[in-house]
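> Quick check, what structure comes out for this input:
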Amino acid sequence: MANAGANVAALSDAENDLCVRAAWLHYGAGLTQTEVAARLGASTVKAHRLIARANKLGLVRVHIEGEIAACVALEETICARYGLNFCQVSPDLDEGALPLRGLSVLGSRFLEQALTGEDHDIIGFGHGRTLSACVHALPQLPKPRAKLVSLLGGLTHRLAATPYDVIHRLAERTGAEAYVLPLPIYCNSPEDRAVMLEQRGVRPVVDMGIAATLRIVGVGALEPDSSPCATGMVEAEELMEARRAGGVGEVLGHIFAQSGELVECPLSARALSMPAHEIGAQRTVAIAGGKEKTEAIRAALASGLIAGLITDERTARALARRS
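I've put the predicted structure just below:
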């Protein structure tokens with residue numbers, strides 16, 4: 001990418017955008033050159049030349065390193081609007097409601113950089129479909145001395161929920177030391193929560209998560225088909241009760257209103273994770289996107305507890321607009 005920088009700079013913003021977008025569609029979304037041409041409103045020959053140029057300029061390796069000016073502008077707007085110090089936006093790949101492919105490309109690259117860097121002795125992880133997709137896209141990356149910790153309970157009674165188990169998949173790919181909370185996501189009552197968090201072997205893992213200098217989390221929408229409901233540990237009516245109390249989004253089991261304020265409700269009171277105020281005590285980056293999550297992401301960002309965001313272009317445009 002360093003050798004290609006001058007050549008890329010020589011292109012106009014429009015030409016560079018088109019070139020990089022063609023590369024994303026072909027290599028990121030897996031579209032054929034004919035499909036890329038249709039998406040861009042160009043001829044097949046033009047699409048072929050754009051993709052060839054991306055390769056010639058060194059934009060395409062294992063990851064697509066080029067930046068689309070429109071996405072960069074969105075990143076800057078979102079950082080300024082929500083007080084973030086980091087934002088990355090994946091180009092629109094026309095994936096539909098949940099843009100997992102684009103998010104996993106950027107998310108896996110962020111994970112790889114975090115794991116191969118020397119800045120963090122302990123990295124904490126949430127779980128969910130989006131983070132699972134990011135880990136799935138991560139290459140084998142031996143890091144036996146790294147320490148990874150789950151930031152909330154993950155035990156469920158439904159086998160179908162196991163694909164969302166991020167920490168075990170990370171351990172398989174890295175060989176790192178991995179620490180989990182041997183607890184469900186939610187317990188039966190706030191009283192049970194207090195007892196469970198004081199069990200032998202539990203408190204040290206919670207404290208490790210609090211000490212993690214980087215946390216990578218998802219953002220949940222309060223919808224019946226959300227991950228908490230998929231685990232079988234939360235009933236749809238409980239989410240609806242949280243919505244009636246003003247909640248629109250969830251981070252590490254804690255519920256937030258559109259204003260970013262923490263919503264005190266029975267569901268969040270029994271979340272088996274660190275206290276909500278601790279989320280912002282260290283650098284916490286959210287990876288989330290999709291139309292149904294826009295409201296939830298906006299609430300999480302408004303809380304002031306999230307330092308960085310990785311999202312998709314459509315969601316970013318919605319976040320950039322005044323609510």
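> CA only for contacts and neighbour counts going forward, please
OK.
> ends of stretch 92-102, how far apart?
7 Å (CA to CA, to the nearest Å).
> Any idea how far it is from the middle of the chain?
Distance of stretch 92-102 from its chain centroid, counting by CA atoms, centre = their mean, to the nearest Å, is 13 Å.
> now do stretch 248-267
18 Å.
> how about it: buried residues?
248-258, 260-265, 267 (16 or more other CA atoms under 10 Å).
> give the contact list for the spatially most central residue of the chain.
In the chain, the C-alpha nearest the mean C-alpha coordinate belongs to Ile287, at 1.4 Å (CA atoms, centre = their mean). When contacts are counted by CA atoms under 8 Å, 6 or more residues apart in numbering, Ile287 touches 103, 107, 130-131, 216-219, 309-311.
> Specify the beta-bridge partners of it.
Here Ile287 sits in beta bridges with Ile310, going by DSSP bridges.
> Let's see which of the buried residues of stretch 248-267 end up in helices.
Of the buried residues of stretch 248-267, the ones assigned to helices by DSSP state H are Leu267.
> Please narrow the buried residues of stretch 248-267 to those residing in strands.
The strands, defined by DSSP state E, take in 248-251, 254-257 from the buried residues of stretch 248-267.
> got TSV for those, with pLDDT and distance to His277 too?
Output for these, formatted as TSV (pLDDT from 0 to 100; distance: CA to CA, whole Å):
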residue	pLDDT	distance to His277
Val248	94	18
Gly249	93	16
Glu250	93	14
Val251	95	11
His254	94	10
Ile255	94	12
Phe256	96	12
Ala257	96	15
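> Which one of the residues you listed is nearest to Leu98?
Gly249 (16.0 Å; CA to CA).
> From Ser268, how far out is that closest one?
According to CA to CA, Gly249 and Ser268 sit 11 Å apart.
> burial count for His277?
12 (other CA atoms under 10 Å).
> which residues touch the closest residue to it other than its chain neighbours?
Nearest residue to His277, sequence neighbours excluded (CA to CA, 6 or more residues apart in numbering): Leu305, at 7.5 Å. Residues near Leu305 by CA under 8 Å, 6+ apart: 277, 279-281, 284.
> Of these - the most surrounded one?
Counting neighbours by other CA under 10 Å, Ile279 comes out on top of the contacts of Leu305 with 23 neighbours.
> List the contacts of it.
By CA under 8 Å, 6+ apart, the contact set of Ile279 is 210, 305-306.
> ok, back up a step: from the contacts of Ile287, which land in strands?
Using DSSP E, these in strands are 216-217, 309-311.
> and of these, the nearest to Tyr82?
Leu309 (10.2 Å).
> Next one: that closest one from Val89, what distance?
Noted for Leu309: a distance of 8 Å to Val89, by CA to CA.
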